[in-house]
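In: Here's my sequence, what's the structure:
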Amino acid sequence: LTQRRRGVGVRPARASAPVRVVPRVEAVRRAGRSLLVQFDDGSALRCDREFPLGRRLRVGQEVEPAILARVVRQAARHDAERLSLRWLALRSRSRAALGRRLRDHGIGEDVVEETIDALSGQGLLDDRAFAEAWVERRLRTQPRSRRLLRAELRRQGVDAALAGELTASLDDEATALAIAVGQRGRVAGEDWEAYRERAGRLLRRRGFAGGASERALRSAWAPPAPAGRG
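Out: Reported below is the predicted structural model:
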């Protein structure tokens, strides 16, 4: 609008355009495995020292905010993949367990999901294979009850339906008996009561209820005689 004052047309002043600020790299420092890039607006980027885009940044370089946002996200993906591969090299994990570990290291939820999906697509994460290997290893080295195995799988992030499927066919009676037989004769001169107490504690720790435990112990201590011929 135009105002008239003493015959002179006066137009209101135009609002000045906002000043466009482009962050400039102020310092680049190494700290262990990390690279710390500080900008003159007070922001900073911390990334792995082997992250390619981080290594290209130089003091005095201007970085457009949109480009910097992409670099920050790619740095997080780089860190997430590096950590995941290192952990998976030590032992296999479920998707959920790996996701928890990444979140504990400060990786954002969206990057966690992208990383897990990418590793699953490469065949490096497979909940069924992980769960099958877990059950097989436990039964071979430290056999335990179905209930305890299911609980362990759930704690490892395995879906309840899959955990139930993989343990449904396990025979608790046979497993308890195998443990009880394995404990027989471990202690020289051990009588029934001492054996029952010691082996019973082990069976209870492995998740077997009192009835299954007692039957296994009695069968292992005095197995039935073989049937006679004829």
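In: doesn't residue 124 fall inside a strand?
Out: No: counting by DSSP: H, G, I helix; E, B strand; the rest coil, residue 124 is not part of a strand but coil.
In: What values do phi and psi take at it?
Out: phi -90, psi -10 (degrees, to the nearest 10).
In: Just confirm it contacts residue 88, I think it does.
Out: Yes: using CB atoms under 8 Å, residue 124 is in contact with residue 88, at 6.0 Å. Where C-beta positions appear, they are placed from N, C-alpha and C, glycine not excepted.
In: Residue 144 - nearest residue in space that isn't next to it in sequence?
Out: Once flanking residues are discounted, residue 144 sits nearest to residue 206: 4.1 Å by CB to CB, 6 or more residues apart in numbering.
In: Distance of the residue nearest the centre of the chain relative to residue 118?
Out: In the chain, the centroid-proximal residue (CA atoms, centre = their mean) is residue 98; its distance is 2.0 Å. For residue 98, the distance to residue 118 equals 12 Å [CB to CB, to the nearest Å].
In: that's a helix at the residue nearest to the centre of the chain, yeah?
Out: Yes: per three-state DSSP, residue 98 lies within a helix segment.
In: Just to check, it is in contact with residue 88?
Out: Yes: counting by CB under 8 Å, residue 88 is a contact partner of residue 98 at 7.5 Å.
In: what do the two both touch?
Out: Common neighbours of residue 98 and residue 88, counting by CB atoms under 8 Å, 6 or more residues apart in numbering, are 119, 125.
In: tell me the contacts of the closest residue to residue 99 other than its chain neighbours?
Out: Nearest residue to residue 99 in three dimensions, chain neighbours excluded: residue 112, at 5.2 Å (CB to CB, 6+ apart). By CB under 8 Å, 6+ apart, the contact set of residue 112 is 80, 99, 102, 103.
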